[in-house]
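Asker: give me coordinates for this.
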Amino acid sequence: MNIAIITGASSGMGREFAVQLDRCLGKTDEIWLLARSREPLEKLSYSMQTKARVIVIDLTDEAAFKQFEEVLAIQNPKITVLVNCAGTGSHKFFARQSKEEIDAMIQLNITALTRMTMLCLPYMKSGSKLIQVSSGAAFVPQSAFAVYAASKAYVYSLSRALGQELRGRGITVTAVCPGPVNTPFLTHAYEDMSGFGALKRLTMAKTACVVKKAIEDCKIGKSVSTCGLPIKLLYLSTQSVQNVMITCFRV
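Answerer: Next up is the predicted model:
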């Protein structure tokens with residue numbers, strides 16, 4: 001059985017990945033939709049052409065991960081696409097953030113993504129695609145977004161390294177690094193949006209455009225997907241040294 005797995009599929013970019021992959025995936029038997037909220041997942045599944053399996057899971061819960069690991073072992077699918085999209089953020093100065101806010105970002109953005117990647121890789125074969133949703137925040141440290149930006153830098157770095165490691169297996173890894181995207185994440189991260197500056201408003205991208213570009217880049221094996229000129233320029237201005245280092249230390 002060939003499947004695609006999408007985490008964070010209940011809203012925002014995760015939902016959009018499900019919608020667009022539903023239209024373009026060939027030879028896929030099921031798309032597994034993962035998130036904490038059942039109702040939006042079920043509503044999404046009813047609208048899809050490809051058979052969708054709703055999996056309600058809290059990716060910060062160790063017991064839930066154990067159950068998902070058992071499901072994979074029983075079904076023994078071939079995972080053609082894994083989209084790690086689940087994430088959270090909080091726009092506050094570090095000293096003003098609660099332990100719970102910081103722990104949530106680390107557990108979901110870093111630990112859960114890493115664990116999901118580890119669980120799924122044994123079921124991925126030559127031709128499989130791994131899409132890791134990072135952020136343009138990964139390219140530079142950001143005041144009042146310190147933990148979030150650091151967590152996305154981890155996702156970016158992990159993705160670039162995995163791309164090198166998995167090349168021999170024929171598995172491509174794409175780090176999706178958008179700037180601000182018009183999703184429910186923004187209102188969650190910024191609360192009253194007072195910290196969301198004019199420049200970010202001007203460079204905000206549409207969810208559908210970011211996901212469309214990510215899928216296109218994934219298909220041609222690009223290691224990094226950026227959408228829009230401002231974020232592309234930011235990426236190019238900060239990555240030249242890193243690209244040299246990645247090439248020098250390629251295994």
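Asker: show me the shaky parts of the stretch 151-251 of the chain.
Answerer: Within the stretch 151-251 of the chain, the set of residues satisfying pLDDT under 70 comprises 182-204, 237, 239-251.
Asker: can you give me the strands for it?
Answerer: Residue ranges of the strands in the stretch 151-251 of the chain, as given by DSSP state E, counting those that start in this stretch, are 172-176, 224-225.
Asker: am I right that R53 sits in a helix?
Answerer: No: under DSSP: H, G, I helix; E, B strand; the rest coil, R53 sits outside any helix and is assigned strand.
Asker: what about it, neighbour count?
Answerer: Other residues near R53 number 16, with proximity taken as other CB atoms under 10 Å. (C-beta placed from N, C-alpha, C; glycine too.)
Asker: any idea how far P180 is from it?
Answerer: Per CB to CB, to the nearest Å, R53 is found 32 Å from P180.
Asker: and for S151?
Answerer: Per CB to CB, S151 is found 17 Å from P180.
Asker: so where does the nearest residue to K212 once chain neighbours are set aside fall, helix or strand?
Answerer: Excluding the flanking residues, the one nearest K212 by CB to CB, 6 or more residues apart in numbering is Q20, at 6.4 Å. Under the criterion of DSSP states H and E, Q20 resides in helix 12-24.
Asker: what's that helix packed up against?
Answerer: strand 2-7, strand 30-35, helix 38-46, strand 78-84, helix 207-219 (3 or more CB pairs under 8 Å, 6 or more residues apart in numbering; DSSP states H and E).
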